[in-house]
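Chemist: Here's my sequence, what's the structure:
(one chain, ligands or ions: 2)
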Amino acid sequence: MTSARDRAEETFRETFGAEPSGVWAAPGRVNLIGEHTDYNDGLCLPIALPHRAYAAARRRDDDRLVLVSADIPDSRAEVELSDVAAGTPGGWASYAAGVLWALRDAGHEVHGLDVAVASDVPIGAGLSSSAALEGCVGAAASDLFGLGLLDSDEGRSRLAEVCMRAENVIAEAPTGGLDQAAAMRCAEGHALLLDCRDGSTRLVPFDLDAHDLELLVVDTRATHALTDGQYGERRSACEAAAEALAIASLREISPSELESTLSRLDDEVQRRRVRHVVTEIQRVRDCVEALSAGDFAEVGRLFDASHDSLRHDYEVTGTELDLVADTARAEGALGARMTGGGFGGSAIALVRRGTGDQVAAAVARAFAEAGLGAPQHFVATAAAPAERLA
Ligand code: ADP
Ligand code: MG
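Modeler: Ligands and ions are numbered 1, 2, ... in the order given. Predicted coordinates:
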């Protein structure tokens, strides 16, 4: 099978009749724990996946963007940089064009590009194919226009911000920044502890192999049409609760004052949403401590507690994700939880080394028995962030 990188380069040659100036890559991610915390100024803990989006690109001498994706039929899109706006060019191309728009909006001098992308991050599976796409285009633009944003963590942090704005403003998807930070700032063999309040990070060694463990990722293949609306609704509930409590964000609530804070909220649904966010942020801290201590039984318990909180308090799991978590636990996983925004997408399970396929087979049987479509799976390792390849 042709690699995604090769497909990006071949598509570039076919489309533009020339060699690209270079190829850039950016990874998808799984978030180990800390879900729906990013837009609450909270903590999260992603790893970058070996799955990546690739951009083959070259500069143009005008301000036009010509974009093509090897993964989508009839994908070619052309737009003047000055015409890029909310909903324009629309569809997949908004994610790519949005990055150039956001770079220019942040004061960087950027011009037109010819870009061909291809990705082996499953699209729409909650593994952040969108941020991988933004990330490889952002990396290409940074290098081709001499912005140097890949050269330091500070630059990478700014590029992550740019990619998030592209997705929020131009693709009009209200994501919170975790995905883009993971694509830009993770490191091989490590999880990234990201503090979304001030953007600070810490790399946490993540070597399951040394502990005879592995991380199974199950893509449920379930997509829910309501995802966007539901995601926005959760964000609004958190913002409304913070406003009612007269605080800048739910991050301000310490776990010790959770009960007294909840008693000040009239709305029962809001109380549950807040409880998830506050307990989830604490679970990230606890998980980092457990990882550092090599206490993987505790990491597993925290995965379980996170999923249960997302299931009952935040209500973003759904039939498929619950079935993965329940089945993996019954098959001996140390812990299992949904990852990403929820309502479908993917789940992770911490399992003994060499048992991932067996746990995944049990999940597949459970799906078949429940009349659900076949899920897909792979064993994940903590891979490298966005980079130039050639
Ligand atoms: P996720 O990030 O979980 O995969 P999203 O809904 O956030 O799901 O992003 C998926 C969207 O990103 C796709 O619908 C498409 O518009 C765009 N996208 C991602 N990867 C590619 C690609 N390789 N080619 C074209 N568009 C892509
Ligand atoms: Mg996404």
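
Chemist: how about the residues of the stretch 51-200 of the chain near ligand 1?
Modeler: In this structure, the stretch 51-200 of the chain approaches ligand 1 at residues 53, 69, 71-72, 92, 95, 117, 119, 123-130, 133, 173, judged by C-beta under 6 Å from any ligand atom. (Each C-beta comes from the backbone N, C-alpha and C, glycine too.)

Chemist: rerun that using 8 Å as the cut-off
Modeler: 53, 69-72, 75, 91-96, 117-119, 121-133, 167, 171, 173, 175, 179 (C-beta under 8 Å from any ligand atom).

Chemist: Sitting in helices, which of those do you find?
Modeler: Members of those lying in helices (criterion: DSSP state H): 93-96, 129-133, 179.

Chemist: CSV please, covering those and showing pLDDT and neighbour count.
Modeler: Formatted as CSV, these follow (pLDDT from 0 to 100; neighbours: other C-beta atoms under 10 Å):
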residue, pLDDT, neighbour count
A93, 98, 27
S94, 98, 26
Y95, 98, 25
A96, 98, 32
S129, 97, 23
S130, 97, 24
A131, 98, 32
A132, 98, 34
L133, 98, 31
D179, 97, 30
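
Chemist: List just the nearest of these to E188.
Modeler: Nearest to E188 among these: A132, at 15.9 Å, using C-beta to C-beta.

Chemist: wait, that closest one sits on R52?
Modeler: Yes: with contacts counted by C-beta atoms under 8 Å, A132 reaches R52, the gap being 6.2 Å.

Chemist: where do the contact lists of the two overlap?
Modeler: Counting by C-beta atoms under 8 Å, 6 or more residues apart in numbering, the contacts common to A132 and R52 are 26-28, 119, 121.

Chemist: Which two among the residues you listed are spaced furthest apart?
Modeler: So for the shared contacts of A132 and R52, where distance means C-beta to C-beta, the most widely separated pair is P27 and S119, at 10.0 Å.

Chemist: Now for those two: what residues contact both?
Modeler: What both P27 and S119 touch, as defined by C-beta under 8 Å, 6+ apart, is the set 51-53, 132.

Chemist: mind listing the helices for this protein?
Modeler: Using DSSP H, helices in the chain cover 4-16, 93-105, 129-144, 153-165, 178-185, 227-244, 258-262, 268-293, 296-312, 319-330, 356-369.

Chemist: Out of those, which gets nearest to G34?
Modeler: Judging the helices of the chain by C-beta to C-beta, what sits closest to G34 is helix 268-293, at 4.1 Å.

Chemist: Okay, now the unreliable bits of the stretch 251-390 of the chain?
Modeler: Nowhere does the stretch 251-390 of the chain drop to pLDDT under 70.

Chemist: ok, now with 90
Modeler: 390 (pLDDT under 90).

Chemist: Around ligand 1, pick out the residues from it.
Modeler: 340-341, 345.

Chemist: Which one of the residues you listed sits in the busiest neighbourhood?
Modeler: G345 (27 neighbours; other C-beta atoms under 10 Å).

Chemist: Would you mind measuring from that one to E109?
Modeler: 37 Å (C-beta to C-beta, to the nearest Å).

Chemist: same deal with G335?
Modeler: G335 is 48 Å from E109, by C-beta to C-beta.

Chemist: Compare neighbour counts for these two and give me the winner.
Modeler: G335 (25 against 9).

Chemist: So the more buried one sits against A349, correct?
Modeler: Yes: counting by C-beta under 8 Å, G335 does reach A349; the two are 7.2 Å apart.

Chemist: how is this structure carved up into domains?
Modeler: 4-206+384-388, 209-380 (automatic domain parsing).

Chemist: end-to-end on the shortest one?
Modeler: Taking C-alpha to C-alpha, to the nearest Å, the first and last residues of domain 209-380 lie 11 Å apart.

Chemist: cool, and stretch 333-344?
Modeler: Stretch 333-344: ends 20 Å apart by C-alpha to C-alpha.

Chemist: so where's the stretch 51-200 of the chain shaky on pLDDT?
Modeler: 174-176.

Chemist: Quick check on P122: phi, psi?
Modeler: phi -60, psi 130 (degrees, to the nearest 10).

Chemist: which residues pair with the nearest residue to it once chain neighbours are set aside across the strands?
Modeler: Distance criterion C-beta to C-beta, 6 or more residues apart in numbering; nearest residue to P122, sequence neighbours excluded, is D219 at 5.6 Å. Note on D219: beta-bridge partners S346, Q376, judged by DSSP bridges.

Chemist: Can you get me a residue count around D219?
Modeler: For D219, using other C-beta under 10 Å, the count is 20.

Chemist: Check the gap between it and ligand 1 for me.
Modeler: 10 Å (C-beta to the nearest ligand atom, to the nearest Å).

Chemist: for that residue, what are its contacts?
Modeler: Each residue near D219 by C-beta under 8 Å, 6+ apart is listed here: 122, 125-127, 345-346, 375-377.

Chemist: What's the separation between V351 and S142?
Modeler: 38 Å.

Chemist: One more: E80?
Modeler: E80 is 21 Å from S142, by C-beta to C-beta.

Chemist: before we move on, what about S236?
Modeler: For S236 relative to S142 (C-beta to C-beta), the value is 33 Å.

Chemist: okay, those two: which has more neighbours?
Modeler: The residue with more neighbours, out of S236 and S142, is S142; 26 against 12, by other C-beta under 10 Å.
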